[in-house]
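1. Got a sequence here, can you build the structure:
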Amino acid sequence: MLAAVAAKVREFGGEATLSIIAAAEDDWEERLVKLVNRARDEEYEEVADTAERLLEEIARESRKSKFTLAALEEVEGEHERLERWLARVVARDVCGATGRAEAEKKLAADGQALDGFAETVQQREGTTNAEPTTAQEATE
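-> Just a heads-up that it's a prediction; the model follows:
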């Protein structure tokens, strides 16, 4: 487990040296993992909360029938920013924090809502699918 932490430190340009020593306390590794996971879970929670707010924004724009390309670009940009943020947190998650699943679930819900919103915008704006509007459409 500590080798993985050292590898991540080196990956991000830091220096890490591992040594074998006798632990002064039996549960030191368990406490270290809990500390690291708590930090990642806080980040995952922030991503999930922000994803939830984006879902609310998409719903609000839909209720107001604000199906414009400008509104679509705004929510797409925020969704892409959340995807990048989540990827950075996942890269730092060397101990397998439990908050990841909830953040991924909320971001996936955003993606589904965004796809529906994009489809409605395209219908209302009379645009074609010559260029994919969302990341999911690009893979279809």
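
2. And for Val121, the neighbour number?
-> Other residues lying near Val121 total 21 when counted by other C-beta atoms under 10 Å. Backbone N, C-alpha and C define where each C-beta goes, glycine included.

3. Is it in contact with Ala71, as I believe?
-> Yes: between Val121 and Ala71 there is a contact under C-beta atoms under 8 Å: 7.3 Å.

4. Could you tell me how far the residue of the chain most remote from its centre is located from Trp28?
-> Going by C-alpha atoms, centre = their mean, the residue of the chain most distant from its centre is Ala22, 38.1 Å out. Per C-beta to C-beta, to the nearest Å, Ala22 is found 11 Å from Trp28.

5. Also Leu54?
-> Leu54 is 40 Å from Trp28, by C-beta to C-beta.

6. pLDDT of whichever strand or helix holds Ala101, averaged?
-> Using DSSP states H and E, Ala101 maps to helix 100-125. Averaged over helix 100-125, pLDDT sits at 96.

7. Would you mark the buried spots in that helix?
-> Buried residues in helix 100-125, defined by neighbour count with 16 or more other C-beta atoms under 10 Å: 100, 103-104, 106-107, 110-111, 113-115, 117-118, 121-122.

8. Which pLDDT value goes with the residue nearest to the spatial centre of the chain?
-> In the chain, the residue lying closest to the centroid (C-alpha atoms, centre = their mean) is Leu86, at 2.5 Å. The model reports Leu86 with a pLDDT of 98.
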